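Peer 1: turn this into a structure:
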Amino acid sequence: MDQKKKGIYITIVIVLAVALLGSAIYLFQYFMSSKENADLNEQLREDLISTGPATTAEATTEAPTEEETTEPTTEPQATYAEGRDYKAFYEKNPNEDFVGWLRIDGTKIDYPVMQSSVDNANYYLYRDYNKKNSTPGTIYAREQCDVFTPSDNVTLYGHTMKDGSMFAYLHNYTAKATWDRNSLIFFDTFNPKTGDVEYHTYKIFAVFKTSANIGEGFSYHKFENAATKQDFDDFVSTCKSLAFYDTGVTPQYGDKLLCLSTCEYTLNNGRLVVAAVRIS
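Peer 2: You can find the predicted model right below:
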C-alpha cells in the first residue's frame, strides 16, 4: 500500500473511531439522564402517594414499549379517589411551576405537570422537576394556556423517550385496540398560589398526527379559547378528520379539552396528538 492510500485509510479509521466514540458517549449520557429522571419521578410519586390514600386504580410504572400493544383487559374506573394531598406534596417538593399531575392507568404516564411563564417558553423541555438539565425533561403545559379556569383547550407536551418513558406510550394509541381498552386520562390540577386542588377525568376523542412546520400542519396547540361555537366545532371537526380512527366521541361547545403532544417520526417535524374531553 503506497503512502497516499495508507494515509487515506488511516484518516477514515480515525474518523470512524471518533464517530463511534461520540455515539457511545451520547448514548451513555442519554440513558444516564433517563435513569436519573426516572429515579426522580419515582421519588416524587412516592412522596405524593405517602401524603394520602392510594387511588382506586393505582397506575403502575411498568408498561409496554411503543411497539407493544399489551393493555389492561378492562377500562379503568372513570374517577380516582380524591385522596392525594397535593398541598402536602408541594410543601415537601416546592416549585412554583408545579400545576398538576397527569396519569393514564396501567402505563408509565404518571407524572407531575409544570408550566413556566410565557417569556420563558419551553423551559421544562430539557429540565426536570427540580429545574436541573435533563434529556427527558418534564411534562409541561403550553405557557399561554390557563390550566386552572381552564382554557377551552390545554396542551401538554412531553418527549417520546427510547426507554418508553414520558409520552412514548402515546404512540400505542394509533391502534384503536389501545383506545378500546383504555381511553381515560386523569389530570389533577394544583394552584400553588391558592392551594386549590381539582380532580378531573378526560376521555380520548381523537388521535392524530400532523406536521409542526409552519404553514404545513394543524396548529392544534394554538387553540386555547373558542371565540364562538363555530370556532370550537371547527377545532373538534379537524381533530376528528385527521384521526386514525373514529372513537364515536364528539365534544360539544362548552366542554373542556386536553391535548397530549409528542414527537412523531413518519412526518417531517411530526407531532402525535392525543385529544381528550373532560367527562368529570
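
Peer 1: going forward, measure contacts and count neighbours with C-alpha atoms only.
Peer 2: Fine.

Peer 1: residue 106 versus residue 252, what's the distance?
Peer 2: 28 Å (CA to CA, to the nearest Å).

Peer 1: more neighbours, these two?
Peer 2: Between residue 252 and residue 106, counting by other CA atoms under 10 Å, residue 106 is the more crowded of the two (19 against 12).

Peer 1: can I take it that that one is in a helix?
Peer 2: No - Residue 106: not assigned to a helix; according to DSSP: H, G, I helix; E, B strand; the rest coil it is coil.

Peer 1: helix or strand: which one has the nearest residue to residue 129 once chain neighbours are set aside?
Peer 2: Leaving aside its sequence neighbours, residue 129 sits nearest to residue 138 (CA to CA, 6 or more residues apart in numbering; 6.5 Å). Per DSSP states H and E, residue 138 falls between elements, in no helix or strand.

Peer 1: how far does stretch 211-219 stretch from start to finish?
Peer 2: Counting by CA to CA, you get 9 Å between the two ends of stretch 211-219.

Peer 1: where along the protein do the helices fall?
Peer 2: Secondary structure of the chain by DSSP state H: the helices cover 3-49, 86-92, 176-181, 229-242.

Peer 1: tell me, how many residues neighbour residue 194?
Peer 2: 7.

Peer 1: am I right that residue 129 is in contact with residue 139?
Peer 2: No - applying CA atoms under 8 Å as the test, residue 129 and residue 139 come out as separate, 9.2 Å apart.

Peer 1: more crowded one of these two?
Peer 2: More neighbours surround residue 139 than the other of residue 129 and residue 139, with 27 against 24 (other CA under 10 Å).

Peer 1: so what sits against both of residue 129 and residue 139?
Peer 2: Shared contacts of residue 129 and residue 139 (CA atoms under 8 Å, 6 or more residues apart in numbering): 112, 114.

Peer 1: pull the contacting residues for residue 139.
Peer 2: Taking CA under 8 Å, 6+ apart, we find residue 139 in contact with 111-114, 124-125, 156-159, 166.

Peer 1: from the centroid of the protein, which residue is nearest?
Peer 2: residue 158 (3.6 Å; CA atoms, centre = their mean).

Peer 1: phi, psi for it please.
Peer 2: Dihedral angles of residue 158 (phi, psi; degrees, to the nearest 10) stand at phi -160, psi 150.

Peer 1: which non-adjacent residue is nearest it?
Peer 2: In this structure, residue 158 finds its nearest non-sequential neighbour in residue 139, 4.9 Å apart by CA to CA, 6+ apart.
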